[in-house]
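**Student:** Sequence and predicted model, in that order:
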Amino acid sequence: MTIKNICCIGAGYVGGPTMAVIAQKCPHIKVTVVDVNEHRINAWNSANVEDLPIYEPGLAEVVQEARGRNLFFSTNVDQAIDEAEMIFISVNTPTKTYGAGKGMAADLKYIELCARQIAKVAKSDKIVVEKSTLPVRTASAIKEILTNTGNGVRYQILSNPEFLAEGTAVADLFHPDRVLIGGDTTSDGQKAVQALVEIYANWVPTEKILTTNLWSSELSKLTANAFLAQRVSSINALSELCEKTGADVNEVAQAIGLDSRIGPKFLKASVGFGGSCFQKDILNLVYIAKSYGLEEVASYWEQVIIMNDHQKRRFAKNIISTLYNTVASKKIAFLGWAFKKDTNDTRESAAIYVADDLLNEQAAIAVYDPKVKVQQMYADLDYLESRTAVDNQKLLTAYPNPYDACQGAHAIAVLTEWDEFKSYDWQKIYEGMLKPAFVFDGRNVLDQKALEQIGFVYKAIGK
Ligand code: NAD
Ligand code: UGA
């Protein structure tokens, strides 16, 4: 079966870039990305690619090439479902904030809504692809909804989890380490798997396209994130020990990373991992383990989160204790608000939690981030409900450049590893600050020696 028409439900950080790349690489396939969020769809359609809803290096060029040719963004969900032979579900699956599993389980209400809408609209056979990250065995629930509420149409469910990282999404999609496709072991299931393999084979070498059963594919996605996050928590746990012993975490990371069994990647000590997925997916894994009565398995993985929370909190504590145990009314400049460089995404960013702790001590926070808008910073803080929105606006100010953000500050905290931070005129920044001028480098990105020579008191994670 050769697919000519694809629909993707969900035009977010995954749906947008993945479908843009499929459309660019497969000009013979019509790709329609739909979303209930009209504002987001309008932004995807905006003439000025600077206004796309997501910032990713290289994305604007891909969208520009394919949009209007075989890539379309629309709010007409029903029409796109009706026309497509293959439907990707790429909606959000956040941690539940209510009911059973609150604060841990994945909230599958958006997934279920999609399944019900597909069942209502579809008049011909469909392949439904889980692109969202889902608890293991979700495919059986989707299948049940589709077959029990549909009108006789036959469905095949595939799991095709996405492994892209934000900030490198386009490069990851162009050259994935692997593409994972899980499907039913029946002959119809395998035909559906092959239809999706054929799409990726337009640009991904076939030896990198791995096919498995549904449950292995679903579980591998959660587990991949858990393993990656575990590496960050492992190195962050060591960073605290380094600070006590005089070891340097960068040197330790380099020394252990040269062992090819360990490897060099994902060993960068930091103020803590953020992003929309690591925490949510580990909590989900913990919940799944608990629901099978596997308490030891659950607490093993939970420790990755506990360590990460500790890392964020101790960074804020260190700032407060270094500034003579009071930060009230002191201006503290934040360089970076996004959860990592090269993205405008702030979900679960460590900056939010560090800011929250400092604002509780009535610090005056001055933020500069190259891509995050001030409204987003306030929304992130308001969501925590620690203070009123009015107080957040009083205490936190965003600046259009780093020099104004740091002017008159007692300390600078580096929360994101944006490359441009390294090339600032640090002498000029120093001159504008109150003395002693502190830098708390939460990302280990600045040149310690150069800053100390200027006169800064420099403190980094793990040193
Ligand atoms: P997102 O919040 O950016 O996008 C989800 C979109 O789905 C939103 O625009 C929302 O309006 C839309 N939506 C929700 N319900 C809908 C419905 N019934 N009909 C139409 N549209 C609907 O989320 P995201 O970051 O793109 O993540 C999506 C999924 O992909 C999650 O399961 C996530 O775990 C997974 N994932 C994310 C990343 C990442 O880097 N962000 C990477 C791999 C996997
Ligand atoms: C992560 C995974 O890397 C992707 O493979 C996966 O598809 C995605 O989650 C997902 O499922 O959403 P992402 O969260 O976009 O991608 O970004 P990462 O590069 O993994 O960074 C996550 C966090 O860990 C960031 O805050 C980053 O700064 C931090 N990190 C990463 C470190 O502190 N140290 C490191 O060595 C690496």
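**Tutor:** Done, it's in. Model, not experiment: these values are computed from the prediction. Ligands and ions are numbered 1, 2, ... in the order given.
**Student:** Neighbours of residue 289, how many?
**Tutor:** When neighbours are defined as other CB atoms under 10 Å, residue 289 has 18 of them. (Glycine included, C-beta is placed from N, CA and C.)
**Student:** What strand or helix carries it?
**Tutor:** Per DSSP states H and E: residue 289 is located in helix 278-291.
**Student:** And the residue of this structure closest to ligand 1?
**Tutor:** At 1.9 Å from ligand 1, residue 12 is the closest residue in the chain, using CB to the nearest ligand atom.
**Student:** check contacts around that residue.
**Tutor:** Contacts for residue 12 (CB atoms under 8 Å, 6 or more residues apart in numbering) come out as 35, 40, 54, 90-92.
**Student:** switch the cut-off to 7 Å
**Tutor:** Neighbouring residues of residue 12 by CB atoms under 7 Å, 6 or more residues apart in numbering: 90, 92.
**Student:** nearest residue to residue 231 other than its sequence neighbours?
**Tutor:** Spatial nearest neighbour of residue 231, excluding adjacent residues (CB to CB, 6 or more residues apart in numbering): residue 266 at 4.4 Å.
**Student:** close enough to count as contact, that neighbour and residue 228?
**Tutor:** Yes: using CB atoms under 7 Å as the test, residue 266 is close enough to residue 228 to be in contact (5.7 Å).
**Student:** circling back: just the angle between the helix or strand that the helix holding residue 289 is followed by and helix 278-291, please?
**Tutor:** Using DSSP H and E, the helix or strand that follows helix 278-291 in sequence is helix 295-322. Comparing the axes of helix 295-322 and helix 278-291 via axes from the mean of the first three to the mean of the last three CA atoms, to 10 degrees yields an angle of 150 degrees.
**Student:** All the strands of this protein, residue numbers only.
**Tutor:** Taking DSSP state E as the test, the strands found in the chain are 5-9, 30-34, 71-74, 86-89, 126-130, 155-159, 179-183, 209-213, 331-335, 364-368, 396-398, 411-414, 438-441, 457-460.
**Student:** Surely residue 414 is in contact with residue 335?
**Tutor:** Yes: counting by CB under 7 Å, residue 414 touches residue 335, with 4.9 Å between them.
**Student:** Who has more neighbours out of these two?
**Tutor:** A direct count of neighbours by other CB under 10 Å for residue 414 and residue 335 places residue 335 higher, at 30 against 23.
**Student:** What residues are bridge-paired with the more buried one?
**Tutor:** Counting by DSSP bridges, residue 335 is bridged to residue 368, residue 414.
**Student:** Settle this for me: it is touching residue 402, isn't it.
**Tutor:** Yes: Residue 335 is within contact range of residue 402, at 6.2 Å (criterion: CB under 7 Å).
**Student:** Give the other helices and strands that the helix-or-strand element of the chain with minimal mean pLDDT contacts.
**Tutor:** The helix or strand of the chain with the lowest confidence, counting by mean pLDDT, DSSP states H and E, is helix 138-149 at a mean of 93. Packing partners of helix 138-149 (3 or more CB pairs under 7 Å, 6 or more residues apart in numbering; DSSP states H and E): helix 109-121, strand 126-130, strand 155-159, helix 214-245.
**Student:** tally of neighbours for residue 463?
**Tutor:** Using other CB under 10 Å, residue 463 has 18 neighbouring residues.
**Student:** same question, residue 402
**Tutor:** 25.
**Student:** hang on, the earlier thing: ok, now how distant is the residue of the chain closest to ligand 1 from ligand 2?
**Tutor:** Separation of residue 12 from ligand 2 (CB to the nearest ligand atom, to the nearest Å): 11 Å.
**Student:** where does that residue sit relative to residue 178, distance-wise?
**Tutor:** Distance of residue 12 to residue 178, given as CB to CB, to the nearest Å: 22 Å.
**Student:** Then residue 435?
**Tutor:** Distance of residue 435 to residue 178, computed by CB to CB: 52 Å.
**Student:** Which of the two has more residues huddled nearby?
**Tutor:** Set residue 435 next to residue 178 and count neighbours by other CB under 10 Å: residue 178 wins out with 13 against 10.
**Student:** OK, contacts around that one?
**Tutor:** By CB under 7 Å, 6+ apart, the neighbours of residue 178 are 208, 210.
**Student:** I'd say residue 66 and residue 24 touch.
**Tutor:** Yes: in this structure residue 66 lies within contact range of residue 24 using CB under 7 Å: 4.6 Å.
**Student:** near ligand 2, which residues of the protein?
**Tutor:** Selection of the chain residues close to ligand 2 by CB under 6 Å from any ligand atom yields 133, 162-166, 225, 228, 232, 266-268, 270, 273-275, 277-278, 339-340.
**Student:** Next, format the strands of the chain as TSV and append mean pLDDT and distance to residue 241.
**Tutor:** Shown next, in TSV, are those (pLDDT from 0 to 100; distance: least, CB to CB, whole Å):
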stretch	mean pLDDT	distance to residue 241
strand 5-9	98	45
strand 30-34	98	46
strand 71-74	98	49
strand 86-89	98	43
strand 126-130	98	40
strand 155-159	97	39
strand 179-183	98	36
strand 209-213	98	37
strand 331-335	98	26
strand 364-368	98	29
strand 396-398	98	33
strand 411-414	98	22
strand 438-441	98	18
strand 457-460	98	15
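**Student:** Which of those strands sits closest to residue 220?
**Tutor:** Among the strands of the chain, strand 179-183 comes nearest to residue 220, with 6.1 Å by CB to CB.
**Student:** Show only the entries of the residues of the chain next to ligand 2 found in helices.
**Tutor:** Counting by DSSP state H, these place 225, 228, 232, 278 in helices.
**Student:** What sits closest to the last one if chain neighbours are left out?
**Tutor:** Yep, that's residue 278 we're talking about. In space, residue 278 comes closest to residue 229 once its chain neighbours are excluded; the distance is 4.1 Å by CB to CB, 6+ apart.
**Student:** got a pLDDT number for that neighbour?
**Tutor:** Here, the pLDDT recorded for residue 229 equals 98.
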